[in-house]
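Novice: Okay, predicted coordinates and the sequence, questions at the end:
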Amino acid sequence: MASSSKPLAKTGGSRVRLAADIGGTFTDIAVFDDKSGRLTFGKALSTPQHLVDGITAGVEKAGSDYRSAGLFLHGSTIAINAILERTGAKTALITTEGFRDVYEIGRINRPDAYNLFFKKHVPLIERALRFEVRERVRADGEVLIPLDEQGLVALGERLDKLGIEAVAIMFINGYANSDHEERAKAILSKRYPGMFISASHELSREYREFERCSTVAANAYVGPKVRRYVGEIDRHIRGDGFTGSFLIVQSTGGLYESEQAQTQCVRMLESGPAAGVIGTQALCHTIGIDNAIAFDMGGTTAKAGVIYKGEALTTGAALIGGYDQALPVQIAMMDIFEVGTGGGSIARVEDGALRVGPQSAGAQPGPACYGLGGEEPTVTDANLVLGRLGADRFLGGEMQLDVGAAERALARVAKPLGMSVTEAADGILRIAATTMSYAVKGVTTERGLDAGDFVLVAYGGAGPLHAVAVAREIGIRNVIIPGAPGVFSAFGMLFSDLRYDYVRTALTSLEDAPFEQIEQVFRELEEEGRGAIAATSVKPHKITTKRALDMRYVGQEHAVTVDLPMSVFAKQDRKAIKRHFDEMHELRYGTSAPSERAEVVSLRTTVTGLMRKPPQEKIRKGGGAPPKAAFSGKRKVSFDGKFRDAPTYRRAELLAGNRIKGPALIEEHASTTVLMPGDAMTVDAYGNLVIKVAGAKR
Amino acid sequence: MAKKTKAKSAKRRPIDPVITEIVRNGIIAVTEEMKTNLMRTAYNMIIYEALDFTTGLFTPEGETVSIGIGLPMFIRGMAETVKAKIKHFGIKNIKPGDIYVTNDSYITGSHLNHFTFTLPIFHKGKLAGFSCCMAHWLDVGGVLGGMTTDIFSEGLQIPIVKYSDRGKINQDLLDIIRINVRLPPRAMGDLRAQVTAVKTGERRFLELLDRYGHAAVMASIEEIFDRAEAAARARTKTIPDGVYEAESSLDDDGIDIGKRIPIRVKVIVKGDEMTIDLTNVAKQVRGFYNSAITTGYACAQVAYKCITSPTDYPINDGAFRSLKVIIPPGRIVSATRPAPMRLWMCFPMTIVDTIFKALQPAIPNRTIAGHHADLVGPSFHGFNPKTSEFFIGTFGPLGGGWGAKKTEDGVSATVCLNDGDTHNGPNEQAEAKFPIVVERYELIPDSGGAGRHRGGLGIARTTRALTNIVVNTQSDRSKCPPWGLDGAGDATGNAVAFRLGGEWKTDFPNAKVLVAQLKPEDAFRISSGGGGGYGSALERPIDDVREDVRQGYVSAKAAVELYGVVVDAETFEVDRGATERLRASRR
């Protein structure tokens, strides 16, 4: 892998960490120097043809280089884009005889219930490349029909002739007994070392054959591309003198070795958004907050994740692509709720109603005010017309915005509704704020939590512009805008830990739960996790394990994940487990049935290798009033339909302890924080903008 | 049913389009969250995986404000139930803390499994609306499997009663339910889930009222109704005026085997209004395939929404003001007491398809060929040898083929029209729970009707018993398969087959095999029909036929026989000369 001829020193003795987050438009870099305690950032345009160039440019902008780094942390949209854009490998599926169509049939639902022109998911592997092999195991793992190895060998030859680059293997009940999947993979791997071969049990050991099939198909489909990509970056950075560890961020926000990322590729699907939540968690730890919502608003979407009692909430599966045509991926992921509202969201009039999004102008042509040919009004245009964005301050003044173009675009919706351009702009922002508030509520109410009790941590290019409006919709009283909100995901990566998640479906009633067996399964999984961490080139300072059970009442279909202390397993304390489950059920659904029996569906464990965290740097202290240098002028800004003078500040000049009352705007390179009338902001010791929202419901 | 349109008064109330849009998003969110909470809390697969439920928000008069759709064919059932409850108690006697319940089939329009809970929402002491939730309980008593011939054999009937009277729970009611159902803990669990759902609706709607004010929210809802009406009228106007008729048949009622049941529908379009006349739909039948009049209205409304406002949300009553429905009592979809209704959901789907068929000459671009039109969801029961416990097993609906359209192929393997965001149950889940093994689960090649655009494919599942089980299949549209339109071919119908003692038996007169006794190693295969095609199969592009053969959706044999395309089954090479000659000879 490494092109360097020198033997690899694991962290190169260096204490510089580089984090690179590649997004559709920008590549963000965060650099932390342990020795000096200095944190720097770089932002460069992404270079889709040769992504590593964008990273290199960003690293230079951040004033660093590969040679001095001991850790290179990376998140990328390469895997998810390969799925969404259908640019993956020529992939075949091998499955149990009689089950070739599981992947195409899916879950048969028709979300667009009245639309006769509805669509269904399109598998990543066409039917002609889905093959069956004779074998069968039962739900309890017993082998009903042994694997037809000869048939498999013959099939392998056929795949080879067809020029197949990647193979996904999914056998029915492979979650309960993976022997056949393992054997099939071994046979093919030996004969065709160049093929990317992936078996479902390596990624998911939960029942639900379609979801497992879709997961392994996605993994195989993106595999060759991810493998090339990771290899290319590895060669490139090592060629430039990097001698440390190269780790990749998973969708859980945890890190794994780049070698592992080359086989378990779907684990990195949502690495960027997950890292943002990890950054929020780190911020919460630093300033002593337990419950926060990580609110990330960019050009096309707004996303919300949750920190509850100091932990980032994860989920066991996610859907890739729009709901009606989604491809499920059944692996641990950060629980992130997304809505199609971003700076580029287009406003339009439909049946006499004003609608905002989910269509987006994206980066090309972009909002009308970018002057790149966009003619439709967007959220960004509304922000400009209302004075919340400064025409000459965008991206630190690097890009001049065209107010006239924004007004012309907004007139397209204002006229038919009989509104002024300002009224239309104001309406667009209010509608956008309510829509985004549902994303935030969605991620909390599904858990039985009340969003109003949380702190809203807002980042992404557009997050700080809308944060206080969204907070008002939900009844949130406290908003925090972290430093460098535009590169927050890269910042979050610096705080990631090594992490391995395992799940095993193991149906049993709680009363009859065989604790010895359960303990053995947990130990095996945890050993596997420790082994994976030990194989990583970087040594964590501590390894922790966390266990959970997916449980439900007997007869119930849906299970909830119940986090459990290790002690209940040691003591085989069924009563305590039941109590934890009842409490969780009560929290999430508002009902519980302590007198009813419960059953266990799956065992979950997370093995974490804790990395030393960069300490968060304090900024210089100042008085209550911001220094003169911070004040950058005044402009007319519209709030509640009235234009009024609002002062503008340079964020870089603000000092700890400074206070600013709304209305005001605080500007920095890639974003602007809006304070509405009555809002009160204080700069905390770390430079975060801590905002008390006025008039929130409680 | 269809409200007479009030002539628009010249002076309109001032409308804030921004608040209206915010309220529109808000009420959709209310019913979506009710849906999420019900689903996650539910005890049975039919609710959780199959999403056989509907949640809704209603005006104080019982008009539908928003339905969080699980089950499209329940579009009317809940509103009519809310109205019946208002009428039953009298608006003055409706109090905060009340929750009403019923499963009366002749009110909900459907079977007794549909328990329907309604909670009056009071805002600052004033009735502001109702949240309501219908969900399918796995068992409500009655005979187990087999045929029923009246409502009394179908289980427990609960008239409109209070589950909660000003906050006080009706324990007697719970005791009555518990003693009448086979799986009391599940019934109680589903009941709790439904109560959670209506309370969620209450909480969220109150938040909306608090945030934007009662007057603004109510004015916005009125505006949403008016806009939905205007949109439906505008789109109805694009349908040429005329009287459109079509007919079709159902297999039988499960008692008079082989006696076809005729359906004749008449659609009258005039200006911006449509009348759907179901007078000539067959009279109610002896077997359990009836539904009550709210379902007859639902047939018309579902068809109308699909044609005029398929993707407009929220689903509300404004969209149906321009629709008139004529349906006398005593038809299969307006059955009267004590008609049996256990399989209520089956026949109405074919009525809706027949309405689409009637409209084909008028709006060829907006209609669809026939679909498999059945849940194709057999049930099986027995005692689990591992636990000795009684079980009732299902896989949820099978899904099947959908009809082709003038501009595109039909979709394969998708749930029927009665259901919307409804999921099947994973095979692995069923195998983990029940003493069965699924032998095969596959698309059926050549099941889609041949046409310029091909119909979608059906699915077949073969299930082997590992212990003694009793199987009930109840599907229709076996001998009256989904039709093609505009010269296209029909699909294959729904079908059953049994393997008893190693011998397959496939020659059933219909797809209704009740109380079949299976021993270990015996098996049953249930197949769903495909969708009908659209346009002449001889006009399907040769490359499309070749691709279908390559993927195995169409056999090489069918390619020749139905499409006139000569394609090699191994190499997929097309003999273009032979194809041209063959096609020319058939035209």
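Specialist: Right, received. Where do you want to start?
Novice: Name the helix or strand for the residue in the stretch 451-600 of chain A positioned nearest to chain B, please.
Specialist: Per C-beta to the nearest C-beta, residue A:557 is where the stretch 451-600 of chain A lies closest to chain B, at 3.8 Å. For the C-beta atoms, the positions are set from N, CA and C on the backbone; glycine is no exception. Using DSSP states H and E, residue A:557 falls within no helix or strand.
Novice: and it, what pLDDT?
Specialist: pLDDT, residue A:557: 72.
Novice: Correct me if wrong: it contacts residue B:41.
Specialist: No. Applying C-beta atoms under 8 Å as the test, residue A:557 and residue B:41 come out as separate, 10.2 Å apart.
Novice: When these two are compared, which one has more neighbours?
Specialist: Comparing residue A:557 with residue B:41 by other C-beta atoms under 10 Å in any protein chain shown, the one with more neighbours is residue B:41, at 27 against 20.
Novice: Grab the nearest non-local neighbour of the residue in the stretch 301-450 of chain A positioned nearest to chain B.
Specialist: Nearest residue of the stretch 301-450 of chain A to chain B (C-beta to the nearest C-beta) works out as residue A:427 at 3.5 Å. The shortest distance from residue A:427 to any non-neighbouring residue, by C-beta to C-beta, 6 or more residues apart in numbering or on different chains, is to residue B:18 (3.5 Å).
Novice: do residue A:429 as well
Specialist: residue A:382 (5.3 Å).
Novice: now the one you found: how far from residue A:473?
Specialist: According to C-beta to C-beta, to the nearest Å, residue A:382 stands 16 Å off from residue A:473.
Novice: which helix of the chain spans the most residues?
Specialist: Defaulting to chain A. helix A:209-239 (DSSP state H).
Novice: nope, chain B please
Specialist: Chain B, longest helix under DSSP H: helix B:184-212.
Novice: what about the helix or strand following that one, average pLDDT?
Specialist: Note on helix B:184-212: by DSSP H and E, the next helix or strand toward the C-terminus is helix B:214-237. What helix B:214-237 shows for mean pLDDT is 95.
Novice: Would you mind pulling the contact partners of the following helix or strand past helix B:214-237?
Specialist: Toward the C-terminus, helix B:214-237 is succeeded by strand B:242-250 as the next helix or strand (DSSP H and E). Strand B:242-250 is contacted from outside by B:260-269, B:282, B:289, B:347, B:350, B:353-355, B:357-362, B:370, B:476-477, B:480, B:483, using C-beta atoms under 8 Å, 6 or more residues apart in numbering or on different chains.
Novice: List of residues touching stretch B:22-35?
Specialist: Taking C-beta under 8 Å, 6+ apart as the rule, stretch B:22-35 contacts A:353, A:430-431, A:434-435, A:438, A:441, A:445, B:53, B:55-57, B:65-68, B:70, B:131, B:133, B:197-198, B:200-201, B:204-205, B:208, B:212, B:216-217, B:220-221, B:224, B:313-314.
Novice: gap between that stretch and the chain center?
Specialist: With C-alpha atoms, centre = their mean, to the nearest Å as the basis, stretch B:22-35 stands 22 Å off its chain's centre.
Novice: what's the model's confidence in it, averaged?
Specialist: Stretch B:22-35 comes out at a mean pLDDT of 92.
Novice: same thing with stretch B:132-149?
Specialist: 92.
Novice: can you give me the offset of that stretch from its chain's centre?
Specialist: The answer for stretch B:132-149 is 16 Å, by C-alpha atoms, centre = their mean.
Novice: If you count neighbours, what's buried in stretch A:612-627?
Specialist: For stretch A:612-627, the neighbour count (16 or more other C-beta atoms under 10 Å in any protein chain shown) marks A:614, A:616, A:619, A:622, A:626 as buried.
Novice: Hmm, I typed the wrong one, I wanted stretch B:207-224.
Specialist: Neighbour-count burial for stretch B:207-224, counted by 16+ other C-beta under 10 Å, picks out B:207-209, B:211-212, B:216-221, B:223-224.
Novice: do the same with stretch B:405-415
Specialist: By 16+ other C-beta under 10 Å, the buried positions in stretch B:405-415 come out as B:405, B:406, B:409, B:410, B:411, B:412, B:413, B:414, B:415.
Novice: Let me know the closest of those to residue B:143.
Specialist: Of all the buried residues of stretch B:405-415, residue B:143 sits closest to residue B:415, with 27.1 Å by C-beta to C-beta.
Novice: related to what we said a few turns ago, and which of the buried residues of stretch B:405-415 is nearest residue A:692?
Specialist: Lowest distance from residue A:692 to those (C-beta to C-beta) belongs to residue B:415, with 49.6 Å.
Novice: just to revisit the earlier point, contacting chain B as well, which ones from the buried residues of stretch A:612-627?
Specialist: Among the buried residues of stretch A:612-627, no residue is within reach of chain B (C-beta under 8 Å from any C-beta of the partner chain).
Novice: need the residues you listed in CSV with pLDDT and secondary structure, can you?
Specialist: Formatted as CSV, the buried residues of stretch A:612-627 follow (pLDDT from 0 to 100; DSSP: H, G, I helix; E, B strand; the rest coil):
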residue, pLDDT, secondary structure
A:614, 84, coil
A:616, 80, coil
A:619, 92, coil
A:622, 96, coil
A:626, 97, coil
